[in-house]
Structure formats: structure tokens, C-alpha cells
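Peer 1: Attaching a predicted model along with its sequence, questions to come.
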Amino acid sequence: MHTYEQIVNDPNWFIFHVKMNLNTFFTRFSSVSEYYRKISNSTSVFLGKTNRQFFKMIDQGFYRTSIDREMIGIHFFFRFSDLNRVYFNLKELGFRMKKIQYCEIEVYSIDLMNLTDKMLLESEKGINFYQKIKGTYKNSFLKIK
């Protein structure tokens with residue numbers, strides 16, 4: 001079974017598509033991995049929790065980047081370990097991302113993934129186009145090497 005079939009059948013997966021001006025992005029961050037570290041591992045506090053504490057409820061994930069003219073797009077795939085209060089947590093994650101750097105954010109359930117991601121994740125080696133995060137490396141469910 002390919003990665004696409006494994007995650008599309010799991011309701012704990014959500015997509016965050018973050019867009020911001022490329023010049024703004026490179027003024028603030030040196031790389032996409034630095035941006036990810038800031039949103040996932042910083043001590044920035046929102047609603048009484050640091051980003052590091054908040055990200056403990058995300059147990060797997062990966063992301064890829066796209067550039068279109070002057071905009072950078074970062075497509076995050078996050079698997080939340082608990083679906084209780086998931087819509088509140090999705091909204092909170094959006095606020096946390098905007099607190100690090102203002103950006104446009106679109107949130108989708110996994111079944112609304114775009115055609116590019118669907119094609120990549122259906123391909124045997126398509127997962128190699130993504131940066132893996134959290135427990136995704138060691139999780140045998142996705143069989144990602």
C-alpha cells in the first residue's frame with residue numbers, strides 16, 4: 001500500500017498550506033526547515049503553552065515547498081494524535097504560525113489534498129519529495145526510509 005492510501009484513510013491527518021511573500025520569508029528565515037523549527041520547537045507562548053508543548057499532540061508529519069512567482073508555499077501534512085478538540089487545535093496552530101510570521105493559511109482535511117500531492121504520495125518514491133518530521137522516520141505504518 002502506498003503512502004497516499006495509508007494517510008487518506010486516517011482521519012487524524014490534516015493539511016496546512018502556508019503562503020507568504022518570498023522576500024518576506026527570506027528576510028526572516030534562512031530556510032524552510034528553520035521556519036518549521038520556529039513553529040514547532042520555539043518557546044513562544046500562546047494560550048499558556050509553548051509551541052514545543054503544543055506540537056506534542058502532532059505525532060507524525062512531513063512537508064514540501066513550492067514557489068510561484070513572488071510567493072512561497074509550504075504544504076504541511078500533520079497527524080494529530082488526538083481528535084478531541086481537533087478543530088480548536090487546527091485554529092490554534094494557525095494562530096501560532098501567524099504569530100511567528102504573518103502568512104496566509106488554508107487548512108484541509110486529508111481527503112481534499114491537491115493533485116500534485118496525490119500524485120507524489122501515490123508514487124512509490126514520491127515521499128522523497130517531502131521533508132519528514134516528528135515520528136515519521138521511525139513509524140513503520142508509513143514505511144518511510
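Peer 2: All right, it came through fine. Residues are numbered from 1 along each chain as shown.
Peer 1: Quick one: neighbours of V107, just the number.
Peer 2: 17 (other Cβ atoms under 10 Å). Glycine gets a C-beta too; all of them are placed from N, C-alpha and C.
Peer 1: Isn't it up against G94?
Peer 2: Yes. Assessed by Cβ atoms under 8 Å, V107 is found in contact with G94 at 6.7 Å.
Peer 1: Check the contact lists of these two and give me the overlap.
Peer 2: Shared between the contact lists of V107 and G94 (criterion: Cβ atoms under 8 Å, 6 or more residues apart in numbering) are residues F16.
Peer 1: From the rest of the structure, what touches the helix or strand of the chain with the lowest mean pLDDT?
Peer 2: The least trusted helix or strand in the chain, going by mean pLDDT, DSSP states H and E, turns out to be strand 131-134, with a mean of 82. Strand 131-134 is contacted from outside by 32-33, 36, 40, 55, 58-64, 144, using Cβ under 8 Å, 6+ apart.
Peer 1: one more time with 7 Å
Peer 2: With contact meaning Cβ atoms under 7 Å, 6 or more residues apart in numbering, strand 131-134 is reached by 33, 36, 58-63, 144.
Peer 1: center of this structure, which residue is that?
Peer 2: Against the mean C-alpha coordinate of the chain, by Cα atoms, centre = their mean, the closest residue is F76 at 2.2 Å.
Peer 1: following the helix or strand where that residue lies, which helix or strand comes up?
Peer 2: Per DSSP states H and E: F76 is located in strand 71-80. The C-terminal neighbour of strand 71-80 among helices and strands, as given by DSSP H and E, is helix 86-100.
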